[in-house]
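Trainee: Below is the sequence, then the predicted model.
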Amino acid sequence: MRYIKMTTANTYKFLENLKDEATLYAPTKISEQFYDFTEIDDVDDVEFHYNRTIRPPRRFFYPEEETMFRFDTDKVELYENTPREGRFVIFGVHACDVVGLRILDAEFIDEQPDPYYKMRRDNGIIIGLSCLPDEYCFCNVRRTEFVDKGFDLFFHEVADGYLVRVGTVQGHKLLDPYPELVGEVTQEDIDYMEDFEEKRSSMYTLQGNWDSLRYFLEMRLDHPMYERESEKCLGCGNCTLTCPTCRCYDVKDVPSIDGKTGERIRFWDSCQFRSHGLVAGPHNFRPTKESRFKNRYQCKNAYCEEVTTAYCVGCGRCTYFCPAEINFKRNLMEIGGYQGVGD
Ligand code: SF4
Ligand code: SF4
């Protein structure tokens, strides 16, 4: 792997250059409390220190809603709507969200290639950014706090800029045109990165790993936590819509007024919605709030062996954005029998 140094001033120049080459998205502060990846006009708006965005990066590859194809029932023809968007860069992706995208790759590319997702993935450049955890983060016990693949460049904060890991050929190509912005990594930078990682490690409220969680979840299906916590649940779906690894979608056909043409749309669905389990009949295979609630806990903690230990990367969004203050991390600790410094 190649390592370079970029000073803070040069990082802003680099982002300015990227903005001229491709659409640049980066975290910005969108309200007193919340951050989101937004399109960047002014690089001074980029937020380098944030904990989590309200919307996960997956939406750039798998949008909230999209037209898959248009149809003409008279001609009995379909017109594919595969995306033709240009290159884009997502700057400032934290390690857990990088793993989130790799989990989606395993589903949308490796298993059954999805042309809509893959086209955007081919055009999207991922630039990672180091971070410090807050009390909602548990990426360390999910082993997603550090990544060695899934990014083109990864920026690690050092005293006067960033130590940058180059992850792909694409990453080299991003830097090649700007040799004047790139410097050698010094011993001081390496020491800073080591101290940063140590400090980061000590800030997590949990230690160890949760590799055994899956088994405890499977064996404790009747745990009283489910009934107690699901009674508080509003079924709003925030926990799944903000999750970087949720993949469920629904489709609907929208006819035009002419009665002959129309389009098929797919849109994010949530296993927390009653309609998610509704099939022909109308039978509902998850008829109760508790059964839907339980499904999320089981689904998120099933193995995703090709990429990581679970479908949950420990970003903390589902707890942070839950209006009923249901604490996913604490509930998992209860089921797994794990001890923590705090919750
Ligand atoms: S965000 Fe909270 S209240 Fe809403 S569905 Fe998820 S667990 Fe239930
Ligand atoms: S389940 Fe919650 S903590 Fe885990 S990845 Fe999804 S939003 Fe993040």
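Mentor: Yes, it's here. Note that the structure is predicted; figures quoted are calculated from it, not measured. Numbers count the residues shown, from 1 in each chain. Ligands and ions are numbered 1, 2, ... in the order given.
Trainee: Could you pull out the strands in the stretch 151-300 of the chain for me?
Mentor: 153-158, 161-166, 249-255, 261-268, 278-279, 283-284 (DSSP state E, counting those that start in this stretch).
Trainee: Show me how far the last one is from its chain's centre.
Mentor: To tie it back to what came earlier, the one meant is strand 283-284. 31 Å (Cα atoms, centre = their mean, to the nearest Å).
Trainee: Show the contacting residues for Val89.
Mentor: By Cβ atoms under 8 Å, 6 or more residues apart in numbering, Val89 lies in contact with 18, 22-25, 124-125, 127. Yep, even glycine has a C-beta here, placed from its N, CA and C like the rest.
Trainee: Check whether it sits in a helix, strand or coil.
Mentor: When classified by DSSP: H, G, I helix; E, B strand; the rest coil, Val89 comes out as strand.
Trainee: Can you give me every residue that contacts the spatially most central residue of the chain?
Mentor: In the chain, the centroid-proximal residue (Cα atoms, centre = their mean) is Pro244; its distance is 2.9 Å. Taking Cβ under 8 Å, 6+ apart, we find Pro244 in contact with 56-58, 96-97, 100-101, 103, 313, 315, 317.
Trainee: make it 10 Å
Mentor: Going by Cβ atoms under 10 Å, 6 or more residues apart in numbering, Pro244 touches 52-53, 55-59, 93-94, 96-101, 103-104, 144, 311-313, 315, 317.
Trainee: Please state the backbone phi and psi of the closest residue to Gln170 other than its chain neighbours?
Mentor: Distances taken as Cβ to Cβ, 6 or more residues apart in numbering put Asp152 closest to Gln170, at 4.6 Å, once the chain neighbours are dropped. Per-residue torsions, Asp152: phi -90, psi -40 (degrees, to the nearest 10).
Trainee: how much space between Asp152 and Asn331?
Mentor: 36 Å (Cβ to Cβ, to the nearest Å).
Trainee: Of the contacts of Pro244, keep whichever come out buried.
Mentor: By neighbour count, with 16 or more other Cβ atoms under 10 Å, the contacts of Pro244 hold 52-53, 55-58, 93-94, 96-101, 103-104, 144, 311-313, 315, 317 as buried.
Trainee: quick one: which of those residues sit in helices?
Mentor: 96-101, 103-104, 317 (DSSP state H).
Trainee: Could you pull out the helices in the stretch 51-200 of the chain for me?
Mentor: Remark: helices assigned in the stretch 51-200 of the chain by DSSP state H, counting those that start in this stretch are 95-105, 115-123, 169-175, 187-203.
Trainee: between those helices, which gets nearest to Cys233?
Mentor: Cys233 lies closest to helix 95-105 among the helices of the stretch 51-200 of the chain, at 22.9 Å (Cβ to Cβ).
Trainee: Against which helices or strands is the closest one packed?
Mentor: Contact partners of helix 95-105 among helices and strands, from 3 or more Cβ pairs under 10 Å, 6 or more residues apart in numbering; DSSP states H and E: strand 88-93, helix 115-123, strand 124-129.
Trainee: and those as TSV, adding mean pLDDT and distance to ligand 2?
Mentor: Output for the helices and strands packed on helix 95-105, formatted as TSV (pLDDT from 0 to 100; distance: least, Cβ to the nearest ligand atom, whole Å):
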stretch	mean pLDDT	distance to ligand 2
strand 88-93	98	14
helix 115-123	95	18
strand 124-129	98	17
